[in-house]
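*Asks:* All I have is the shape, not the residue letters:
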């Protein structure tokens, strides 16, 4: 038994956390390759290396995926200080390279000199598609930085190959990511680039992107649905997500055939970002004026948001709640109570549905079956969950209000 435990301990030394082992870079200058400060790591690697996000068979494992900043030409290398087969017979290490090759498209290099040659060609890279929006962000180190948002399609020369490289980042930063069939012409692609200077030339670095699928709505409309959105880690926290979503929203608002704009299985962070952007848009609408908010969510609000901004009723209702909170004196007991009841009236919807289902169940379920469902719908629990949902919503709303105030 002691010998077995000793063997297990020795083998455990050859386990590596794949989130730490994976080293990602967006390379602009040759010196970036050896500069550890430009390295970033995945948030997730379970889709490639399993739920435990562990690779077996190596010590000091480093999986390098380095991309040129613009065209995303790729260098792929695997390094390690020791391999399990050097010490133990009949123990196979994980196929680290094979798993990466499954998601990284052909055309990458494993040679550093070849990668340097690809880096020299970055001056030839230009953003794909049509320029939609230009904006600047102030940096303490670099001053005013200029960014561009472009709309691209599958017909843009070289874009499909570029997109295959770009979408590999999804696996590392979106928990349930999957690749799309980019050949389908119902897809729209929106790309963010930074303009920067290198040796007197203007170059472009990839910042992030969004994919949108255009669904048909009877009889003659379309419903753009956001599928994927990612701002690459070196650029996060700088406001690029809001700039991208605003530009995309403005683009679709300009198209008469668009019914409204939705999102596929949005994350909590995306919902908060969307709330922020839609509040910015709606606060200037007549129906959302401060003197009308205390009267409740109205048909006029839903219609104006739909007609002018392609915002559906569900999203318009959240915008109303945020703007009403901004216009409410929460230190006034009557105003605070009226606001709380208004928000909880919406939040109570799912619980009301559960009560209707329970009424139906009483007619068709045996007593022992009914008990299990009644336990799930306990009234006291519902009230507690309702209050918790309300507090979370108000906390999120306040953050949005504060963010808008800083940009006023």
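*Replies:* Looks like it came in fine. Predicted model only: the values in this text are computed from it and were never measured. Residues are numbered from 1 along each chain as shown.

*Asks:* alpha carbons only for contacts and neighbour counts from here, please
*Replies:* Will do.

*Asks:* Below-threshold pLDDT in the stretch 1-150 of the chain: ranges please.
*Replies:* Across the stretch 1-150 of the chain, the stretches falling below the confidence threshold (pLDDT under 70) are 1-4.

*Asks:* Break down it into its strands, ranges please.
*Replies:* Taking DSSP state E, counting those that start in this stretch, the strands of the stretch 1-150 of the chain run over residues 15-17, 22-27, 54-56, 58-59, 62-68, 74-79, 82-83, 130-139, 143-152.

*Asks:* swap in the stretch 201-350 of the chain?
*Replies:* Assigned strands in the stretch 201-350 of the chain, in chain order: 201-217, 221-231, 262-263 (criterion: DSSP E, counting those that start in this stretch).

*Asks:* Which among the ones you listed is found nearest to residue 175?
*Replies:* Distances from residue 175 to each of the strands of the stretch 201-350 of the chain were compared using Cα to Cα; the shortest belongs to strand 221-231, at 11.7 Å.

*Asks:* Which of the residues in the closest one are classified as buried?
*Replies:* Buried residues in strand 221-231, defined by neighbour count with 16 or more other Cα atoms under 10 Å: 222, 223, 224, 225, 226, 227, 228, 229, 230, 231.

*Asks:* how far does stretch 18-37 stretch from start to finish?
*Replies:* End-to-end distance for stretch 18-37, by Cα to Cα, to the nearest Å: 19 Å.

*Asks:* What helices and strands are in contact with the longest helix that the chain contains?
*Replies:* With secondary structure taken from DSSP state H, the chain has its longest helix at helix 379-406. For helix 379-406, the helices and strands in contact under the criterion 3 or more Cα pairs under 8 Å, 6 or more residues apart in numbering; DSSP states H and E are helix 268-282, helix 313-326, helix 333-347.

*Asks:* got the ones you listed as TSV, with distance to residue 52, mean neighbour count and mean pLDDT columns?
*Replies:* As requested, these are exported to TSV (distance: least, Cα to Cα, whole Å; neighbours: other Cα atoms under 10 Å; pLDDT from 0 to 100):
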stretch	distance to residue 52	mean neighbour count	mean pLDDT
helix 268-282	24	18	97
helix 313-326	37	21	98
helix 333-347	36	15	96
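
*Asks:* Adding distance to residue 19 as columns, could you present those in CSV?
*Replies:* Putting those into CSV (distance: least, Cα to Cα, whole Å) gives the following:
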stretch, distance to residue 19
helix 268-282, 21
helix 313-326, 36
helix 333-347, 38
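
*Asks:* how about TSV for the strands of the stretch 1-150 of the chain, with mean neighbour count added?
*Replies:* Conversion of the strands of the stretch 1-150 of the chain to TSV gives the following (neighbours: other Cα atoms under 10 Å):
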stretch	mean neighbour count
strand 15-17	18
strand 22-27	22
strand 54-56	20
strand 58-59	21
strand 62-68	21
strand 74-79	19
strand 82-83	16
strand 130-139	14
strand 143-152	18
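
*Asks:* Present these as CSV; the columns should include distance to residue 176.
*Replies:* Conversion of the strands of the stretch 1-150 of the chain to CSV gives the following (distance: least, Cα to Cα, whole Å):
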stretch, distance to residue 176
strand 15-17, 19
strand 22-27, 18
strand 54-56, 18
strand 58-59, 27
strand 62-68, 21
strand 74-79, 24
strand 82-83, 31
strand 130-139, 29
strand 143-152, 24
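
*Asks:* what residue ranges in the stretch 251-400 of the chain score low on pLDDT?
*Replies:* Applying pLDDT under 70 to the predicted model, the residue ranges of the stretch 251-400 of the chain that meet it are 350-378.

*Asks:* rerun at 50
*Replies:* Low-confidence segments of the stretch 251-400 of the chain, defined by pLDDT under 50, span residues 370, 374.

*Asks:* Pretty sure residue 71 sits against residue 121.
*Replies:* No - look at residue 71 against residue 121 with Cα atoms under 8 Å: they stay out of range, at 9.2 Å.

*Asks:* okay, these two: which has more neighbours?
*Replies:* residue 71 (26 against 12; other Cα atoms under 10 Å).

*Asks:* re earlier: any chance of the strands of the stretch 201-350 of the chain in a markdown table, plus distance to residue 315?
*Replies:* Converted to a markdown table, the strands of the stretch 201-350 of the chain look like this (distance: least, Cα to Cα, whole Å):
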| stretch | distance to residue 315 |
| --- | --- |
| strand 201-217 | 18 |
| strand 221-231 | 14 |
| strand 262-263 | 9 |
